[in-house]
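Undergrad: got a predicted structure plus its sequence, pasted below:
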Amino acid sequence: MAALFGIMLGGALGASVRFSVAGLWLKDYSSDFPWGTLVVNLMGSFIFGVVYSWYQYRSAEGLLSMALLVGFCGALTTFSSFAFDCLRLIERGATLMGVAYISLSVLGSIFALYAGARLIQFS
């Protein structure tokens with residue numbers, strides 16, 4: 001029951017950060033490109049890499065890791081929004097922009113996860 005509560009709390013925090021970051025980004029930068037979703041996906045992937053590596057290299061598991069990885073990062077990253085944004089770009093005829101968005105999101109998230117993991121490995 002404690003794990004579920006931790007995941008719920010982490011999810012609430014992750015969703016709040018996602019709303020704040022994406023909302024503030026959209027408020028300040030008007031663009032057809034879904035920058036807010038891209039930023040939270042990259043940020044979430046980096047945080048996931050840091051937390052996962054932190055616990056892996058210290059042979060630790062527990063409530064905090066579940067709350068951060070499943071709850072916080074799960075609510076922060078937004079691949080359902082990603083799919084919707086891709087579809088919207090394609091429907092508007094912005095296929096090249098859609099391909100760029102997919103490439104930046106997927107490759108950027110993999111790189112951010114790697115960078116987060118490497119940051120912990122060298123500390």
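TA: Done, it's in.
Undergrad: shaky segments in the protein?
TA: 25-30, 59-60 (pLDDT under 70).
Undergrad: which residue ranges of it form helices?
TA: 2-28, 35-57, 63-66, 74-76, 79-91, 95-121 (DSSP state H).
Undergrad: contacts for the shortest one?
TA: Read that as helix 74-76. 7, 10-15, 17-18, 40, 43-44, 47 (C-beta atoms under 8 Å, 6 or more residues apart in numbering). C-beta: built from backbone N, CA, C; applies to glycine.
Undergrad: recalculate using a threshold of 10 Å.
TA: 7-8, 10-19, 21-22, 40-41, 43-45, 47-48, 68 (C-beta atoms under 10 Å, 6 or more residues apart in numbering).
Undergrad: before we move on, the earlier item: any chance of the helices of the chain in JSON lines with mean neighbour count as columns?
TA: JSON lines is the format used below for the helices of the chain (neighbours: other C-beta atoms under 10 Å):
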{"stretch": "helix 2-28", "mean neighbour count": "15"}
{"stretch": "helix 35-57", "mean neighbour count": "20"}
{"stretch": "helix 63-66", "mean neighbour count": "16"}
{"stretch": "helix 74-76", "mean neighbour count": "21"}
{"stretch": "helix 79-91", "mean neighbour count": "15"}
{"stretch": "helix 95-121", "mean neighbour count": "15"}
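Undergrad: hmm, Gly116 and Ser123 touching each other?
TA: No - shown here, Ser123 and Gly116 do not form a contact pair, counting by C-beta atoms under 10 Å, at 11.3 Å.
Undergrad: so what sits against both of those two?
TA: 50, 53-54.
Undergrad: which one among those gets closest to Cys86?
TA: Among the shared contacts of Ser123 and Gly116, Val50 lies closest to Cys86 (C-beta to C-beta), at 27.0 Å.
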